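*Asks:* What would the 3D arrangement of this be:
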Amino acid sequence: MFYVPFVPPPYPDEILGSWLARVALYSGRGAWRSLLEEAGFGRRLEGSLFDMAPFSRSLDRLFAALGTTYERSLWELTSLPYWLAFDAASSGSPIPGTSSTPWPINRRGLNQSSLANVGIARSAGEARGVVFCPECLDDDLRSHGEPYWHRTHQLPHVFFCAKHEVALQRRCRGCGSSAIRSAKQMSEAPRLRCPCGRDLRRAPRALPPDPMYLRLGQFSGRALAGQAPAWHGGHVRSHVRHLLNGGGRAPSGGYPSVLSESFGARRTPTGEFSAPVPGNASATFRCAAYLSLATAPEFCALLTGLGLDFDTAARGFITADSTSYARGQGSQARPSWNVKLARSELVRFVEERPDRLPCQHRSPYTFLRLFDARWLRERFPYANVNRLPSVQEDRADINRRFAGDSTPVSKRRSKIVESAAGLRARYRDSKWLGKLLSSLRSESLTGLRSRSAATLQTRVNALQRAIDTRLAQEDFPARVFANQLGAMVGLSHSQAGDAVRSDPGLRSAIDAANAGKPSRQVAWAISRLREQGIALTKTNVGRRARLPRPDVTRVLAANPSLDADFKASIEPLKT
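*Replies:* Got it, this is the predicted structure:
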């Protein structure tokens, strides 16, 4: 195995891609390429290695050559600890390449299919660009001799630097160019000065940060700094529901009220919660539409809004009872009850909460009403046990109340399962209920595909317009890259790449723009030479266009867009 002569240690809070970029820089191009080839990558990395990346043998060999392991890198150099603090799977095999690191779960409570679906870019479905703190650039330069990308700055709900309390930036305030050109294969070090000449260490003037958003950033950063959690996602969700159901200081209205009162978030037409971030004009606070869809960003916002710090929340996670909670239908899942288990669970509930009625523990109470009503009446004579509706009556009630409901499908499914009729149907009419939920799932997938196609087409159209704008406004002609076009219209690298791959016409437009670059260079050079009164010769055109003279000759001979007057003026010139 090939080893590089010097591997710089990671800086405090440095993210994986930043460290690898410095390793490549200090090793030199030749040594770095040799290392990649020895590891099995070829001459360059495939896929993004800025944050998390799926395990591969090549990646494992690369980390071994750099004196670390894949698992250690996940915990020390990526955002994985932040996600596992709230979304760790309760069971199953560990992440490939690790000995005990659990998978993070997604919004449906299932293990993520790939670590590429997790990381710095995801918050309520929105992708974010890489961000930096202007004052950290200066501090890093003084302390370490060079700037680097910080992990904490890249978390979904971190909008301000916790150290300097200034707004994080993703673009130059002068020209609007992205802070990083591409993180597709290998990131580049943060720049101290933008190509337009602006010093990126100068923090823009802004309103003071809202204290609530500062606390949210501190909460998120503390979650990132934690070790392997002694709890899993079920504990987190159970504890949060306990807080929202009266175990904490939650405002009436629960999840929406916490987001509204703490962060000023309001529902958008798509259902999600959104709010501008005071003091950071380039950022937007976003949360999922419903608590059932919450993941790490939403839990950080909720717990911060409830006035907890991370350590206090973690103590609650450890002691939370997760036996009655499992992700599934976007709601509390019911165990496979039997009469004995339901009896003991209901008795335990009443003994631990003497101020609560048995019917408030809906799942075992409903089961016993259906299958052991005599015991229920004898054990709790004060409970009002009314006549049970028939199966047909429950079906009619569910169809009447929810068939024409205009709320999103995920919310409708949750409402059906949580309703009294739906709960009874789960225990005595499960086949019919399963068909109904399956039809809703199909409806949801159809709607999702339709919305995805519409979103993709919107992005394709925006990128097409960006090509036209780029060609019309460019100074010196340069190659057109998808990630640069994406930055112009507010798309991430992956969003722009997906749009280009999905639309052959857009790909052809980019290829055509790049194929016509020499012609644009020649036309640009001719225009500048004429403006400055410099002799119009092929040599001068080539120098100004940064093309060799034979290329200028070929462009002039083959390009019909160069007007006849120019050709007439260029032919008699002797060079």
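*Asks:* make it CA atoms for all contacts and neighbour counts henceforth
*Replies:* Fine.
*Asks:* and stretch 417-434, how far apart are its ends?
*Replies:* With C-alpha to C-alpha, to the nearest Å as the measure, the first residue of stretch 417-434 is 10 Å from its last.
*Asks:* Which parts of it count as buried, going by neighbours?
*Replies:* Within stretch 417-434, the residues that count as buried by 16 or more other C-alpha atoms under 10 Å are 417, 418, 420, 421, 422, 423, 424, 425, 426, 427, 429, 433.
*Asks:* And stretch 9-17, by the same measure?
*Replies:* 10, 11, 13, 14, 15, 16, 17.
*Asks:* Repeat that for stretch 432-452.
*Replies:* Buried residues in stretch 432-452 (16+ other C-alpha under 10 Å): 433, 436, 437, 440.
*Asks:* Which one of the buried residues of stretch 417-434 is nearest to residue 486?
*Replies:* Proximity of those to residue 486 (C-alpha to C-alpha) peaks at residue 417, which lies at 41.3 Å.
*Asks:* Tell me the pLDDT of that closest one.
*Replies:* As predicted, residue 417 sits at a pLDDT of 81.
*Asks:* So the residue nearest to it when sequence neighbours are not counted: helix, strand or coil?
*Replies:* Distances taken as C-alpha to C-alpha, 6 or more residues apart in numbering place residue 423 nearest to residue 417, at 5.9 Å, with adjacent residues excluded. Put simply, residue 423 is helix when judged by DSSP: H, G, I helix; E, B strand; the rest coil.
*Asks:* Now do residue 423 against residue 435, distance only.
*Replies:* In terms of C-alpha to C-alpha, residue 423 sits 15 Å off from residue 435.
*Asks:* Check residue 37 too.
*Replies:* 53 Å.
*Asks:* same question for the helix ranked longest in the chain, mean pLDDT?
*Replies:* Counting residues, the longest helix found in the chain (DSSP state H) is helix 430-473. Across helix 430-473, pLDDT averages out at 82.
*Asks:* Tell me which helix or strand comes right after that helix.
*Replies:* Per DSSP states H and E, helix 430-473 leads on to helix 482-489 as the next helix or strand towards the C-terminus.
*Asks:* didn't residue 41 look like it was pressed against residue 60?
*Replies:* No: if you go by C-alpha atoms under 8 Å, residue 41 and residue 60 don't touch, sitting 11.1 Å apart.
*Asks:* tell me the secondary structure for residue 411?
*Replies:* helix.
*Asks:* can you check the one 3 residues further on too?
*Replies:* At residue 414 the chain is in helix, as set by three-state DSSP.
*Asks:* who does the longest helix of the chain touch, helix- and strand-wise?
*Replies:* The contact analysis (3 or more C-alpha pairs under 8 Å, 6 or more residues apart in numbering; DSSP states H and E) places helix 430-473 against helix 409-418, helix 420-428, helix 482-489, helix 493-502, helix 504-515.
*Asks:* Off-centre distance for the third one?
*Replies:* In other words, helix 482-489. 18 Å (C-alpha atoms, centre = their mean, to the nearest Å).
*Asks:* Check the longest one too.
*Replies:* Using C-alpha atoms, centre = their mean, the mean C-alpha position of helix 504-515 is found 29 Å from that of the whole chain.
*Asks:* Can you give the contact residues for it?
*Replies:* For helix 504-515, the surrounding residues in contact (C-alpha atoms under 8 Å, 6 or more residues apart in numbering) are 460, 463, 464, 467, 478, 479, 480, 481, 482, 500, 501.
*Asks:* just stretch 148-160 next, same as before
*Replies:* Contacts for stretch 148-160 (C-alpha under 8 Å, 6+ apart): 13-15, 18, 77-79, 120-123, 128, 130-133, 137, 140, 161, 166-168, 189-190, 209, 213-214, 216-217, 220-221, 224, 277, 280, 283, 285, 297, 301.
*Asks:* any idea of the mean pLDDT for it?
*Replies:* What stretch 148-160 shows for mean pLDDT is 93.
*Asks:* Would you agree residue 366 is in contact with residue 425?
*Replies:* No: using C-alpha under 8 Å as the test, residue 366 is too far from residue 425 to be in contact (10.4 Å).
*Asks:* Please enumerate the helices of the stretch 301-450 of the chain.
*Replies:* If DSSP state H, counting those that start in this stretch is used as the criterion, the helices of the stretch 301-450 of the chain fall at 310-319, 339-352, 362-371, 373-379, 391-402, 409-418, 420-428, 430-473.
*Asks:* next one: the lengthiest strand in the chain to chain centre, how far?
*Replies:* When the chain is parsed with DSSP state E, its longest strand is strand 280-287. Relative to its chain's centre, strand 280-287 lies at 14 Å (C-alpha atoms, centre = their mean).
*Asks:* Who are the contact partners of residue 551?
*Replies:* Residue 551 sits next to residue 518 when contact means C-alpha under 8 Å, 6+ apart.
*Asks:* Tell me how far it lies from residue 541.
*Replies:* 11 Å.
*Asks:* next one: residue 458
*Replies:* Distance from residue 458 to residue 541, by C-alpha to C-alpha: 40 Å.
*Asks:* Of these two, which one has the most company?
*Replies:* residue 541 (25 against 13; other C-alpha atoms under 10 Å).
*Asks:* element containing that one, please.
*Replies:* Using DSSP H and E, residue 541 maps to helix 538-545.
*Asks:* What is that helix packed up against?
*Replies:* helix 517-532, helix 549-558.
*Asks:* Please work out which of those helices is packed deepest.
*Replies:* Each of the helices and strands packed on helix 538-545 was scored by mean neighbour count; the highest is helix 517-532, a mean of 18, by mean count of other C-alpha atoms under 10 Å.
*Asks:* quick one, what contacts residue 298?
*Replies:* Counting by C-alpha under 8 Å, 6+ apart, residue 298 touches 287, 288.
*Asks:* can you give me the helices in the stretch 1-150 of the chain?
*Replies:* Under DSSP H, counting those that start in this stretch, the stretch 1-150 of the chain gives helices at 16-27, 29-39, 57-65, 70-77, 80-87, 134-144.
*Asks:* Which residues belonging to the longest one are considered buried?
*Replies:* Along helix 16-27, these residues count as buried under the neighbour rule (16+ other C-alpha under 10 Å): 16, 17, 18, 19, 20, 21, 22, 23, 24, 26, 27.
*Asks:* Now pLDDT and distance to residue 306 too, for these, in a markdown table please.
*Replies:* Below are these laid out as a markdown table (pLDDT from 0 to 100; distance: C-alpha to C-alpha, whole Å):
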| residue | pLDDT | distance to residue 306 |
| --- | --- | --- |
| 16 | 92 | 33 |
| 17 | 89 | 34 |
| 18 | 91 | 35 |
| 19 | 93 | 36 |
| 20 | 91 | 39 |
| 21 | 89 | 40 |
| 22 | 91 | 41 |
| 23 | 91 | 43 |
| 24 | 89 | 45 |
| 26 | 89 | 47 |
| 27 | 87 | 48 |
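*Asks:* tell me which of the residues you listed is nearest to residue 350?
*Replies:* Taking these together and measuring to residue 350 by C-alpha to C-alpha, the closest member is residue 16, at 50.5 Å.
*Asks:* Distance-wise, check the closest residue to the closest one other than its chain neighbours relative to residue 531.
*Replies:* Take residue 16 and drop its neighbours on the chain: the residue closest to it by C-alpha to C-alpha, 6+ apart is residue 77, 4.8 Å away. Counting by C-alpha to C-alpha, the separation of residue 77 from residue 531 is 52 Å.
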